[in-house]
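Peer 1: this one's structure only:
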């Protein structure tokens, strides 16, 4: 299926972010729900559809958090969304067969439960525009905590 950019959803509740675990080959990582924008679809419509497919919930857009240009000159948009009292459950990627699914888990995660790499993606996606995460960011000190296996 041809895509026209990408769209992602930032859903937050009780100082946690709704994340989907992907497994591709031997690699596993958590990310926010999202995927490609289909022909004739807006970024907003794609975000709502992707949230429903991957997490089984219907979301309402609160605001756009970020939009940036991808290397192929397409855009990736991230929307802060509300799902009310719905309970997310593991969905699917409709472009993949049942035996080739890469989605393995849906979970609410606090920032201290997310690895540095995936946390960096959250900040880049606009998490610092979402309260109370903006307060948490400003409460951090000025110490450098870059993870490294060697001395720089």
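Peer 2: Thanks, I have it. Since we're looking at a predicted model, the values are computed, not measured.
Peer 1: Now do the residue nearest the centre of the chain against residue 22, distance only.
Peer 2: When C-alpha atoms, centre = their mean is applied to the chain, the residue found nearest the centroid is residue 32 (1.7 Å). To residue 22, residue 32 is 11 Å away according to C-beta to C-beta, to the nearest Å. All C-beta atoms are positioned from the backbone trio N, CA, C, and that covers glycine.
Peer 1: Likewise for residue 7?
Peer 2: Distance from residue 7 to residue 22, by C-beta to C-beta: 16 Å.
Peer 1: Residue 4 now?
Peer 2: 22 Å.
Peer 1: do residue 12 as well
Peer 2: From residue 12 to residue 22 the distance is 20 Å (C-beta to C-beta).
Peer 1: okay, residue 7 and residue 22: which has more neighbours?
Peer 2: residue 7 (29 against 17; other C-beta atoms under 10 Å).
Peer 1: surely the more buried one meets residue 38?
Peer 2: No: the pair residue 7 / residue 38 is not scored as a contact, 9.9 Å apart, by C-beta atoms under 8 Å.
Peer 1: ok, now which ones touch the residue nearest to residue 127 when sequence neighbours are not counted?
Peer 2: Distances taken as C-beta to C-beta, 6 or more residues apart in numbering put residue 133 closest to residue 127, at 5.0 Å, once the chain neighbours are dropped. Counting by C-beta atoms under 8 Å, 6 or more residues apart in numbering, residue 133 touches 12, 15, 111, 127.
Peer 1: What confidence value was assigned to residue 133?
Peer 2: Per-residue confidence (pLDDT) for residue 133: 88.
Peer 1: Could you do the one 4 residues further on as well?
Peer 2: Residue 137 carries a pLDDT score of 80 in this model.
Peer 1: Report the residue spans of the chain with pLDDT below the cut-off.
Peer 2: The chain contains residues with pLDDT under 70 at 1-2, 149-152.
Peer 1: at 50 what do you get?
Peer 2: For the chain, residues meeting the criterion pLDDT under 50 lie at 152.
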